[in-house]
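Asker: just coords:
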């Protein structure tokens, strides 16, 4: 019988995953439980059966009692395989992650953040909606436990407020792009294909006003509320983000702020799917879009890029989440950089470089404790 739903889980989670499988069978679907297959037929024919089930299934459920289980070798291969088929348009079904009540969305691998995540204690209610949708019925429950915007809502920007300071997050539709440059510095090579999921990114860098509203104190070399915050280390940024997530939790609806990955930063700087191929972020004329030389300046005083993002070239360098390392030559999907390193990536060029050095592919690096003037941050919103 053809598989309807593929359930990906580690063997350690078999007993609870089997409860989900039994629930689906009871409600008329034919699930395939990967860990049950391994128990039943052993290693010899296991991979062949997995491949067949992944090809047949319409939907995929990831189940884990620990966040690291969702990123383990075989589980990750299974959901990444399904997700890539979905991104390519060859599958149109859903991805649902069911987690133990102690696991939060932010602890899961980044590639799962955009899909619906529910607690194990709630799965019967959410899966009933899922089953009703499969049968062509109207859902009987509200299954939205994370950001789950419809197409029109996702195209809008999101406005957040901390105390009296507002900031805007701009929607970036995911897609495929060429990351790197052949005519730049050696660490910008090789140019390689990257596929990204949807995300939101800050309209501007984090301002000094927002930093003070969250952290309760000023920093920065050139002080002015609407200028970029600087003199903040990568470690400082992590503390800021944790506090920001806490004080905006009612607005976030289960989502979370983070630093952008290097790939997310470059895709947005290039204009995403609206890119016109400019050398700088938003123009081929540097002075149209970038402050360079001398001090920092108030945000949003130069022209925006194709996504209506400001100051992605010049003004301040911007921390990224990734460790710095050499680029791979093979295609990547939602890359997060090396697993370890000594320096973190910074992007954007700051204000000290020569005019020809501010391309959207430009890479920088420094140690995570660096609080040099001229390094700030821009946020992404993970959903």
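Answerer: Thanks, I have the structure now. All values derive from a computational prediction rather than experimental measurement.
Asker: what sits against residue 382?
Answerer: Remark: with contacts taken as CB atoms under 8 Å, 6 or more residues apart in numbering, residue 382 is in contact with 105-106, 110, 113-114, 199, 255-258. In this view, the C-beta of every residue, glycine as well, is placed from N, C-alpha and C.
Asker: Please repeat the previous calculation with a cut-off of 7 Å.
Answerer: Applying CB atoms under 7 Å, 6 or more residues apart in numbering, we find residue 382 in contact with 113, 199, 255-256, 258.
Asker: same check, this time on residue 243
Answerer: 214-215.
Asker: Local confidence estimate at it?
Answerer: On pLDDT, residue 243 comes in at 94.
Asker: After the helix or strand bottoming out on mean pLDDT in the chain, which helix or strand is next? Please name it.
Answerer: Using mean pLDDT, DSSP states H and E, helix 151-154 stands out as the lowest-scoring helix or strand of the chain, at a mean of 50. Remark: after helix 151-154, the chain's next helix or strand is strand 158-162, criterion DSSP states H and E.
Asker: Most neighbours among the contacts of residue 382, which one is it?
Answerer: Sorting the contacts of residue 382 by how many neighbours each has (other CB atoms under 10 Å) puts residue 199 first, at 26 neighbours.
Asker: what about residue 357, how many residues close to it?
Answerer: Residues near residue 357, counting by other CB under 10 Å, number 15.
Asker: wait, isn't it in contact with residue 351?
Answerer: No - at 11.4 Å, residue 357 does not count as touching residue 351 under the criterion of CB atoms under 7 Å.
Asker: Could you chop the protein up by domain?
Answerer: Residue ranges for the domains of the chain, per automatic domain parsing: 5-134, 152-382.
Asker: hey, least reliable of those by pLDDT?
Answerer: Mean pLDDT values for the domains of the chain show the minimum at domain 5-134, a mean of 82.
Asker: roughly how far is it from the heart of the chain?
Answerer: Distance of domain 5-134 from the chain centroid (CA atoms, centre = their mean, to the nearest Å) equals 20 Å.
Asker: and what of stretch 240-256?
Answerer: Relative to its chain's centre, stretch 240-256 lies at 15 Å (CA atoms, centre = their mean).
Asker: Over to stretch 317-328?
Answerer: Centroid separation between stretch 317-328 and its chain, computed with CA atoms, centre = their mean, is 15 Å.
Asker: can you check stretch 226-239 too?
Answerer: Distance of stretch 226-239 from the chain centroid (CA atoms, centre = their mean) equals 20 Å.
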